[in-house]
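> A predicted structure for the sequence below; I have some questions about it.
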Amino acid sequence: VTVCGTKSKKHLTKQGFEESSLYILPNSIDLDLFTISNSEKKYDLISAGRLSLEKRIDILLMITKILKINNPEIKVAIAGKGPEENNLKKLLEKFGIKKNVSFLGYVDPSDLSEFYNYGKIFVLTSETEGLPRAILEAMACSLPVVSSNVGDIEDAIIDSKNSYLIDRLDDYASYCDKITNLLNDNDTYSKISNTTRNFVGEYYSHNQAKDVWISILGDLRR
């Protein structure tokens, strides 16, 4: 049985699965496709994913509302389609952030690397996840990530080292503090940004996934 990360493996072990039958096989990405470019940073914050309830994009919109108090020109871009799109767009008016947030709709996979490079920070506010590729793709493009600490994300994000984790979903203050620090402190931003791609390359490349499969198949032959 393959799982996305450490937390999933521990969960299945508690359910009675033999630990020796469980293998961590995280999502992997193509580092030749997701690269660093010199594109102009059009957006302070970006996010990508299905616009559904569990993604809690409403939290990102509330964060934007709070950040706007001290940063009236903050720009946010959200890529994706889904059943919550209309409800989320209604919140733009309610929160007074209609001019700050752009819903870009579906972004073709061939254009995702360019999209990530348009942003300064990738933000994820999901209440449930496995190990989303979007985080890995953004990090491969050298973006710091500020993410809810759910699923197996803590395997990919070493808090305060290569990005930031937020333990409580509705902790708006922590989200805003981390984002504000990254936007205003060039040294901190550069320090985090410089670690992201190397980390993804070491642990989440297709070559790394290949090595895991070789290990799995080798064990099955015994």
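Received it, and whenever you're ready, just let me know what you need. Numbering: from 1, shown residues only.

> okay, CA-based contacts and neighbour counts for the rest of this
Will do.

> Spell out which residues sit in contact with the closest residue to Phe199 other than its chain neighbours, please.
What sits nearest to Phe199 in space, not counting adjacent residues and going by CA to CA, 6 or more residues apart in numbering, is Asn162, at 7.7 Å. Taking CA atoms under 8 Å, 6 or more residues apart in numbering as the criterion, Asn162 is in contact with Pro144, Ile192, Ser193, Thr195, Thr196, Phe199.

> Can I get the buried part of the residues you listed as one PyMOL selection?
Remark: buried members of the contacts of Asn162, expressed as a PyMOL selection using 16 or more other CA atoms under 10 Å:
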select buried, resi 144+192+193+195+196+199
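
> Of the contacts of Asn162, which pair is most distant in space?
Pro144 and Phe199 (11.7 Å; CA to CA).

> Which pLDDT does the model give Arg222?
Looking at Arg222, its pLDDT is 69.

> Using PDB, write out every CA atom in stretch 46-64.
In PDB, the C-alpha atoms belonging to stretch 46-64 read as follows (Å, rounded to 0.1, in the frame of the first residue of the first chain):
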ATOM      1  CA  ILE A  46      -1.700  33.200  -5.400                       C
ATOM      2  CA  SER A  47      -3.600  30.000  -5.000                       C
ATOM      3  CA  ALA A  48      -4.700  27.200  -7.300                       C
ATOM      4  CA  GLY A  49      -7.100  24.400  -6.900                       C
ATOM      5  CA  ARG A  50     -10.700  23.300  -7.200                       C
ATOM      6  CA  LEU A  51     -13.100  25.900  -5.900                       C
ATOM      7  CA  SER A  52     -14.900  23.600  -3.500                       C
ATOM      8  CA  LEU A  53     -15.900  23.800   0.200                       C
ATOM      9  CA  GLU A  54     -12.900  21.800   1.600                       C
ATOM     10  CA  LYS A  55     -10.400  24.200  -0.100                       C
ATOM     11  CA  ARG A  56     -11.700  27.000   2.200                       C
ATOM     12  CA  ILE A  57     -10.900  29.800  -0.200                       C
ATOM     13  CA  ASP A  58     -13.200  31.900   1.900                       C
ATOM     14  CA  ILE A  59     -10.400  31.900   4.500                       C
ATOM     15  CA  LEU A  60      -8.000  33.300   1.900                       C
ATOM     16  CA  LEU A  61     -10.500  36.000   1.100                       C
ATOM     17  CA  MET A  62     -10.800  36.900   4.800                       C
ATOM     18  CA  ILE A  63      -7.000  37.000   5.100                       C
ATOM     19  CA  THR A  64      -7.000  39.400   2.100                       C
END
